[in-house]
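Peer 1: One predicted model, sequence on top.
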Protein chains: 2
Amino acid sequence: MEVIEKTDGMQQKAEELRLAGKVLGFVPTMGFFHEGHLELMRVARKHCDVVIISIFVNPMQFGPKEDLTAYPRDLEGDLAKARQVGVDIAFVPTVDQIYTKDFESRVSVEKVTKHLCGLSRPTHFDGVTTIVAKLFNITKPHLAVFGQKDYQQLTVISRMVKDLNMDLQILGVPTYREPDGLAMSSRNSYLNAEERKSALCLKKSLDLAREMVRKGETQSAAIKKAIEDLVRSHPYTQIDYVNLCDPFTLDDVDTLTGETLLALAVRVGKTRLIDNCVLGKAEKR
Amino acid sequence: MEVIEKTDGMQQKAEELRLAGKVLGFVPTMGFFHEGHLELMRVARKHCDVVIISIFVNPMQFGPKEDLTAYPRDLEGDLAKARQVGVDIAFVPTVDQIYTKDFESRVSVEKVTKHLCGLSRPTHFDGVTTIVAKLFNITKPHLAVFGQKDYQQLTVISRMVKDLNMDLQILGVPTYREPDGLAMSSRNSYLNAEERKSALCLKKSLDLAREMVRKGETQSAAIKKAIEDLVRSHPYTQIDYVNLCDPFTLDDVDTLTGETLLALAVRVGKTRLIDNCVLGKAEKR
């Protein structure tokens, strides 16, 4: 596995590989790998000749009061894990390589960013779309792989790629979970033992909603109420949002008629966790 | 010369040409070609294996009260001229091809857009950077050529390309002028005979400023005052701005120490014209 730190070096390498006819797969990450990350890399491995990952904790997608400095990091461990799943190139730039002194550009998606996490994290998605646009230009992939756990992120990036005619395919991979159902996240490492138990309320909420829909419930308000009660019965929890919405536009849905996204964000202690599923006929995107 | 109307077709063609090792040059235009446009194509012809132009009057860069519908068009004439200067591919999309129904993305450059034309046209440059980012992704050029007449546009696009790691080179070409000095512009076609005479005040202003600097003037205020007097002595004119600023950041300059951009925008009748030059030692960028 080749480790590249410089933007120019990565871009030149990617161009050479494309000219040699290779199909490039890309998995952008913020590091501190768990099985969810490795699964994305395995999917890329399966579809592509060359798998490129990036490890970059992107300051632009953290709000001023968020956990940028506390965000967990383990570069050596990450590189070892990436090697094991067959990654070919790890792009690991410094902040200076990515944001030069006079940096003043921005890529934004205007509507789908205004829902869900965009409400409590108003600058977050501009940070995501800007870094992802940059990374796509640097690594020149044919296919980029994202987790469905960050459902809104996947929606926003798909929208950006289509709107800006970026010539690549976006693939979403189902959420990877711990044996007890907790969605894998680097932020799970923040949880103490008590909080870890309470954190199960997210997955339980998805299961509860699926069960209600199976039994014929069609009203978002009833599902939200049941989930709110469930979450509140777990200590250390504080709901950020529980939302039922269109899986593509993320506009609120009052009465379930077709596939509907259930997305929730809950603080457990100081740790903000998210999870989601698509309710309705096919029950996934 | 191949004429392509579909976004997908253009993108696929560009990718094929890149994979075949060709160097692609690109000139984005809004059509109604004059010698200034053709000069950009000739420059691209000189540097590249394949010259691609686009003709697209981009609604997103016009303000609500601007001249979108009146903007002059002559597709057949344009294609004939492009053929004559050796263009290989003309990309001529419809508005629907470029802006699909759910379009909601935006590329913006935040600081250099806030000066000069950005003051009276607050949404203009977002429209420019968004369409140019899209066109770059569709035509995949190694080199893109722009006129220095739209100096701020060239600055904004150069900034975007650098900030977003777009893998291409931007080349600025000196302003092409009528024999009497008027900078060529598609909007010159709006001028009646009287206005056409008054329009010369822009080039005369540049000459006056150069002469003042040659004689030792270093104060922006004095130069601006002289230009304002000169412009006002021409009938049908109304100054939008006369500005002396840093050629890279476009921040105002009070005392000329190094190269300084002189940029002006003047309404002549209802037609808004712009011109610029770089004052100082080298007298061009």
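Peer 2: Perfect, thanks for sending it.
Peer 1: Strands of the stretch 151-285 of chain A, start to end?
Peer 2: In the stretch 151-285 of chain A, the strands defined using DSSP state E, counting those that start in this stretch lie at A:169-173, A:237-245, A:260-268, A:271-279.
Peer 1: Rebuild those strands as a markdown table, extending it with mean neighbour count and mean pLDDT.
Peer 2: Bear in mind the C-beta positions are built from the backbone N, C-alpha and C, glycine included. What follows is those, written out as a markdown table (neighbours: other Cβ atoms under 10 Å in any protein chain shown; pLDDT from 0 to 100):
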| stretch | mean neighbour count | mean pLDDT |
| --- | --- | --- |
| strand A:169-173 | 18 | 98 |
| strand A:237-245 | 18 | 97 |
| strand A:260-268 | 23 | 97 |
| strand A:271-279 | 22 | 97 |
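Peer 1: Can you tell me which of those is nearest to B:Leu38?
Peer 2: B:Leu38 sits nearest to strand A:169-173 of all these, at 38.1 Å, using Cβ to Cβ.
Peer 1: partners of the closest one in the sheet?
Peer 2: strand A:143-147 (parallel) (DSSP bridges).
Peer 1: Pipe the strands of the stretch 151-285 of chain A into a markdown table and attach distance to A:Lys162 per row.
Peer 2: Formatted as a markdown table, the strands of the stretch 151-285 of chain A follow (distance: least, Cβ to Cβ, whole Å):
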| stretch | distance to A:Lys162 |
| --- | --- |
| strand A:169-173 | 9 |
| strand A:237-245 | 19 |
| strand A:260-268 | 18 |
| strand A:271-279 | 20 |
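Peer 1: Go through these and name the closest to B:Ala263.
Peer 2: Nearest to B:Ala263 among the strands of the stretch 151-285 of chain A is strand A:169-173 (41.0 Å), distances taken as Cβ to Cβ.
Peer 1: Quick one: residues in contact with the closest one.
Peer 2: For strand A:169-173, contacts defined as Cβ atoms under 8 Å, 6 or more residues apart in numbering or on different chains pick out A:39-40, A:43, A:47, A:142-148, A:154, A:157-158, A:161, A:285.
Peer 1: filter these to the buried ones?
Peer 2: A:39-40, A:43, A:142-148, A:154, A:157-158, A:161, A:285 (16 or more other Cβ atoms under 10 Å in any protein chain shown).
Peer 1: Let's see the distance spanning stretch A:26-44 from one end to the other.
Peer 2: The first residue of stretch A:26-44 is 7 Å away from its last residue (Cα to Cα, to the nearest Å).
Peer 1: nearest to chain B, of the buried ones among the contacts of strand A:169-173?
Peer 2: Among the buried ones among the contacts of strand A:169-173, A:Val161 lies closest to chain B (Cβ to the nearest Cβ), at 9.1 Å.
Peer 1: Settle this for me: the closest one is touching A:Leu168, isn't it.
Peer 2: Yes. Checked against Cβ atoms under 8 Å, the pair A:Val161 and A:Leu168 is within contact range at 6.5 Å.
Peer 1: Please enumerate the shared neighbours of the two.
Peer 2: Common neighbours of A:Val161 and A:Leu168 (Cβ under 8 Å, 6+ apart) are A:Phe136.
Peer 1: What's the nearest residue in the stretch 1-150 of chain A when you look at chain B?
Peer 2: Residue of the stretch 1-150 of chain A nearest chain B, by Cβ to the nearest Cβ: A:Ser105 (3.5 Å).
Peer 1: quick one, what contacts that residue?
Peer 2: Contacts of A:Ser105 were listed using Cβ under 8 Å, 6+ apart, and they are A:Thr130, B:Val107, B:Ser108, B:Val109, B:Glu110, B:Thr129, B:Arg159, B:Met160, B:Asp163, B:Leu164.
Peer 1: what's the answer for A:Asp102, then?
Peer 2: Contacts of A:Asp102 by Cβ under 8 Å, 6+ apart are B:Arg159, B:Thr249.
Peer 1: And A:Pro247, by the same measure?
Peer 2: Each residue near A:Pro247 by Cβ under 8 Å, 6+ apart is listed here: A:Thr155, A:Glu259, A:Thr260, A:Leu261, A:Val278, A:Arg285.
Peer 1: Pick the one among those residues closest to B:Pro174.
Peer 2: Taking these together and measuring to B:Pro174 by Cβ to Cβ, the closest member is A:Thr155, at 45.2 Å.
Peer 1: Count the residues that sit near the closest one.
Peer 2: 26 (other Cβ atoms under 10 Å in any protein chain shown).
Peer 1: Give me the nearest residue to it, chain neighbours excluded.
Peer 2: In space, A:Thr155 comes closest to A:Val112 once its chain neighbours are excluded; the distance is 5.3 Å by Cβ to Cβ, 6 or more residues apart in numbering or on different chains.
Peer 1: hey, which helix or strand in chain A has the poorest pLDDT?
Peer 2: helix A:117-120 (a mean of 90; mean pLDDT, DSSP states H and E).
Peer 1: and that one with chain B, contact?
Peer 2: No. Contact of helix A:117-120 with chain B (Cβ under 8 Å from any Cβ of the partner chain) is absent, the minimum separation being 12.6 Å.
Peer 1: And that helix, what's buried?
Peer 2: A:Cys117, A:Gly118.
Peer 1: and what of stretch A:220-238?
Peer 2: Result for stretch A:220-238 [16+ other Cβ under 10 Å]: buried residues A:Ser220, A:Ile223, A:Lys224, A:Ala226, A:Ile227, A:Leu230, A:Val231, A:His234, A:Tyr236, A:Thr237.
Peer 1: mind listing what the residue lying closest to the first one once chain neighbours are set aside touches?
Peer 2: Think A:Ser220. In space, and not counting its chain neighbours, A:Ser220 is closest to A:Leu244: 4.1 Å by Cβ to Cβ, 6+ apart. A:Leu244 makes contact with A:Ser220, A:Ile223, A:Lys224, A:Asp252, A:Val253, A:Leu256, A:Thr260, A:Leu261, A:Leu262, A:Leu279 under the criterion Cβ under 8 Å, 6+ apart.
Peer 1: redo that, cut-off 6 Å
Peer 2: Taking Cβ atoms under 6 Å, 6 or more residues apart in numbering or on different chains as the criterion, A:Leu244 is in contact with A:Ser220, A:Val253, A:Thr260, A:Leu262.
Peer 1: Could you point out which of these is nearest to A:Ser198?
Peer 2: A:Leu262 (19.2 Å).
Peer 1: The closest one reaches A:Leu279, doesn't it?
Peer 2: Yes. Counting by Cβ atoms under 6 Å, A:Leu262 sits close enough to A:Leu279 to count as a contact (5.4 Å).
Peer 1: And A:Leu75, how close does it get to A:Asp67?
Peer 2: Distance, A:Leu75 to A:Asp67, by Cβ to Cβ, to the nearest Å: 18 Å.
Peer 1: Next: A:Arg272.
Peer 2: Taking Cβ to Cβ as the measure, A:Arg272 falls 9 Å from A:Asp67.
Peer 1: again with A:Gln11
Peer 2: Relative to A:Asp67, A:Gln11 is positioned 30 Å away (Cβ to Cβ).
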